[in-house]
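Trainee: Here is my input; please provide its structure:
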Amino acid sequence: MLQARGIVYIALALLISMVTSVAALILFEPGKASASTTFIHPGMLHTQADLDLMKTKTAAGESPWAPEWDKLRVNKLASPKYTATVYSTVYLNDPLMKDTGKGALADSATAAYFNALGWHITGDPAYANKAIDILNRWSHQLTGLQGNDAILGASLIGYKLLNAAELIRYSNAGWGQPDIEKFSSMMTNVFYSQTKNYAFITRTGAWANGNWDAAAILFNMCYGIWNNDDTAYNNAVHFMKTGPGNGSIEHYIQTEDGQTQESGRDQAHAQLGLGLLSLAAEVGYNQRTVNVNGADLYAYPNNTFKLLKGIEYTARYNLGYSVSWTTLPDVNGEIRYERNVSSANRGEFRPMYEQIYSFYKNRIGVPDSEIQYTKQVIDRVKLESFHIDHPSYGGLLHAKEQRTSSLLPKIALIPRNTINKYISAGQSGANPLTADRDRYKADGSLNIGPEETFELAYLGNKKYTLKSMANGSYVSAGNGGASPLQADRSSAGNEQRFEIDEQTNGLFTIKAMANNKFVTLNPGTKQLEADADSVTADDGRFIVMYPPEDVTPPVTVATLNPQNPDGVNGWYRSDVTVTLSTSDVQSGLADTKVRVNGGEWTAYREPLTFTEGIYDLEFRSLDYAGNEEQVRSVNLRIDKTPPAIDVKLDKTTLWPANHKMITVNATIASNDPMSGIASIVLTSITSSEKDDGRGDGSSPDDIQNAELGTEDTTFDLRAERSGSGNGRVYTITYTVTDYAGNSSIASASVTVPHHQ
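Mentor: Numbers count the residues shown, from 1 in each chain. Prediction:
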């Protein structure tokens, strides 16, 4: 059936390849910019209400706005001192010119956007002037974008330029009308000329991956708003819903569960496509009161929330949960990537989830159950990276509810040049930090345990401490940074403080405060060392991963020696040693406590030895995620002491020796204070002379009515002895046994004297 479906898709793709190159041009060719006044300004990624909220909350020092602003404003691209380097032609994956000018244009677009935000948040004109300077420099010089990735570059870079311009234009920043018109001309002739047909690649006759369409959709919607162009805007909305490319909602979200066209490619591109589409959906929502065409993008089609399903599917998988998979072709009829969901970049969260959560939860009002995995990402990711493809800093730009930042996130580190190896602190946490742990398990899940997990504590001004979950000790750049990094300090001083800074591609650098040197990976030892004056290669850039949320308590097992009771009835008859062992595969063991017979809880440090007594040993463990297991217990009953026994007889002498049977009564006194008396039995009655001592055969059976093996205390003995002997002695023996199986023997005697 799948093969047949593939044939149909391929046939359809052939048809598309023949007609789409023309149809796309016709269906999505924008009209001339009309003098429409139907758009809200500012009204792209941010409305005036959004900007006012950022300003008010930041000034009040409220979280998450103020902490996020503190992070954004120290980004070098947010500085009013940023200087733009401009080019007349920018190349993007060009066969000859490679990426000449691409980085400069991308940085400039982000710098203009960040400075425009800084202008609205602080009111400092230096920010506005810098944004205007950047926009003007490029508007007056850039004449073309060239290269295989020109469509994608125009979209990803262009939407930030448009948003920067929108924020400056609709304020009193002082941007002159001639410069605004010059900027508009650049947007139309240089950028929109690339994006107007979305991601249809004319040189191949096929549609690119969906994230290309998503970027073009976002740019074209913003372009329509900028130019007050209903046609451009409405075409973008129409394409996002049902366009023929891989990036329309209809085609990008391939299954009911939310699998995307790029889920089998890698998680970086899958998240990029979804993040851009979510931004476009919010742009449409921002314009809903004046243009209803894009108002329902978030729930399209027919309130099925297809886009959100794709987001939740992707968040779920990157959090470490399993997801469904169906092998499906794209709109070109091709199955390009893995025949399963791709683990590449799994757990590397793009800075987009704050926007998604705030939009869907706080603005749309979807129930928690429909956005639970997105919320988990926000709860887990406290060091949201800056990525130049995304607006980033969602706690400032998109948050709608107050939220504290008191939680200490858990992270794992991967050096960028060893992309599939985690930094590990070793089993005890006391080894040098080394890149030696495989990134994925055999099933593709994240291979993060306590040895690879570090608790991150923010000290302010980009300064952090790192505590190993393997041993609870702080990571230190010891000896003033001269030694490899090691988790071996119980408290945090200057040698345990690090500056963690963001890079433009979602990576981080780490600088040791002990010597003001950057941390890099030694290529020989694979150990981390604080030894670099600057970072120029991937050995000093780190991917920050977030371990799967630990909601599982540790499991503590008690091992007993002897393993099983060596007595009976569950009793031990020797000392018992109890050794506790705890497993916690995620955040790691923080503490194990024990108490005996309801006493005080104390820390477990070494095996416990129990001697005679009855004990209720309770124990429980806590992991570093705060999960505490239910109290477990072991009941021990130890009785090493045999019971006491004393035997007394009412007759100790039989006389006269007249050969008659005489009844003797025994009285048994026994005691066992631990397990108690289980049984008292008459074990034996023996005689020092043989039966029928006279040998005449007339008086056999000298011992009668004695029930051996029972608690018989009455029996008959013959008053008889040999005339040639020294007298006869009957020995009566009893055995007492306690419930633990300990036993004691006691005897008493009856004498038939030779003479009296």
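
Trainee: Spit out the contact partners of W65.
Mentor: By CB atoms under 8 Å, 6 or more residues apart in numbering, the contact list for W65 reads 53-54, 57-58, 395-396, 399. From N, CA and C alone the C-beta is placed, and that goes for glycine too.

Trainee: ah, wrong one, I meant W138
Mentor: Per CB under 8 Å, 6+ apart, neighbours of W138: 84, 86, 105, 108, 161, 186.

Trainee: any idea how far A106 is from it?
Mentor: Counting by CB to CB, to the nearest Å, the gap from W138 to A106 is 11 Å.

Trainee: Ramachandran angles for the residue nearest the centre of the chain?
Mentor: Residue closest to the mean C-alpha point of the chain, counted by CA atoms, centre = their mean, is P548 at 1.8 Å. Note on P548: backbone dihedrals following degrees, to the nearest 10 are phi -50, psi 140.

Trainee: Mind giving me the packing neighbours of the helix or strand hosting P178?
Mentor: Take DSSP states H and E as the rule and P178 turns out to sit in helix 177-186. Applying 3 or more CB pairs under 8 Å, 6 or more residues apart in numbering; DSSP states H and E, one finds that helix 177-186 contacts helix 125-139, helix 150-169.

Trainee: Out of the ones you listed, flag the one nearest Q704.
Mentor: Of all those, helix 150-169 sits nearest to Q704, with 110.9 Å by CB to CB.

Trainee: Does anything pack onto the closest one? Which helices or strands?
Mentor: Going by 3+ CB pairs under 8 Å, 6+ apart, helix 150-169 lies up against helix 102-122, helix 125-139, helix 177-186, helix 193-195, helix 210-226.

Trainee: again, 7 Å this time
Mentor: helix 102-122, helix 125-139, helix 193-195, helix 210-226 (3 or more CB pairs under 7 Å, 6 or more residues apart in numbering; DSSP states H and E).

Trainee: want to throw the ones you listed into JSON lines with mean pLDDT?
Mentor: Listed next are the helices and strands packed on helix 150-169 as JSON lines, based on pLDDT from 0 to 100:
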{"stretch": "helix 102-122", "mean pLDDT": "98"}
{"stretch": "helix 125-139", "mean pLDDT": "99"}
{"stretch": "helix 193-195", "mean pLDDT": "98"}
{"stretch": "helix 210-226", "mean pLDDT": "99"}
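
Trainee: Nearest to I311, out of those?
Mentor: Proximity to I311 (CB to CB) singles out helix 210-226 among these, at 12.3 Å.

Trainee: buried ones in that closest one?
Mentor: 210-226 (16 or more other CB atoms under 10 Å).

Trainee: repeat for stretch 235-248
Mentor: Of all the residues in stretch 235-248, those buried under the rule 16+ other CB under 10 Å are 235-241, 243-248.

Trainee: what about the nearest residue to L297 once chain neighbours are set aside, which SS state?
Mentor: Closest residue to L297 apart from its sequence neighbours, by CB to CB, 6 or more residues apart in numbering: A281 at 4.0 Å. For A281, the assignment made with DSSP: H, G, I helix; E, B strand; the rest coil gives helix.

Trainee: Quick one: mean pLDDT over stretch 327-339.
Mentor: The average pLDDT within stretch 327-339 is 92.

Trainee: domain assignment for this protein?
Mentor: Using automatic domain parsing, the domain parsing of the chain gives 410-545, 555-638, 644-753.

Trainee: roughly how far is the last one from the heart of the chain?
Mentor: Between the centre of domain 644-753 and the centre of its host chain there is 76 Å, according to CA atoms, centre = their mean, to the nearest Å.

Trainee: That one: end-to-end distance?
Mentor: Domain 644-753 has an end-to-end distance of 30 Å (criterion: CA to CA, to the nearest Å).

Trainee: avg pLDDT for it?
Mentor: For domain 644-753, the mean pLDDT works out to 94.

Trainee: Nearest to E338, out of the buried residues of stretch 235-248: which one, please.
Mentor: Closest approach between the buried residues of stretch 235-248 and E338, by CB to CB: N246, at 16.4 Å.

Trainee: just to revisit the earlier point, most tightly packed of the domains of the chain?
Mentor: A comparison of those by mean neighbour count, using mean count of other CB atoms under 10 Å, puts domain 410-545 on top with a mean of 19.

Trainee: Give me the below-cutoff pLDDT ranges for the stretch 401-550 of the chain.
Mentor: 404-408, 428-430 (pLDDT under 70).

Trainee: again, only using 50
Mentor: With pLDDT under 50 as the threshold, the stretch 401-550 of the chain has low-confidence stretches at 406.

Trainee: In it, what residue spans correspond to strands?
Mentor: 410-415, 421-424, 434-438, 454-460, 463-468, 474-476, 486-489, 498-502, 508-512, 517-521, 528-532, 542-545 (DSSP state E, counting those that start in this stretch).

Trainee: got the buried residues for stretch 40-52?
Mentor: For stretch 40-52, by 16+ other CB under 10 Å, it's 40, 42-47, 50-51.

Trainee: OK, contacts around the residue nearest to the centre of the chain?
Mentor: Applying CB atoms under 7 Å, 6 or more residues apart in numbering to P548 gives the contacts 319-320, 446, 586.

Trainee: let's see it at 10 Å
Mentor: Neighbour list for P548: 318-321, 347, 376, 380, 410, 445-446, 448, 585-587 [criterion: CB atoms under 10 Å, 6 or more residues apart in numbering].

Trainee: do R416 as well
Mentor: R416 neighbours (CB under 10 Å, 6+ apart): 503, 505, 507-508, 521, 537-543.

Trainee: let's go with 7 Å and repeat that
Mentor: 507, 538, 541-543.

Trainee: tell me the contacts of Y393?
Mentor: So Y393 contacts 68, 71-72 (CB under 7 Å, 6+ apart).

Trainee: Distance-wise, check it relative to N75.
Mentor: For Y393, the distance to N75 - CB to CB - is 8 Å.
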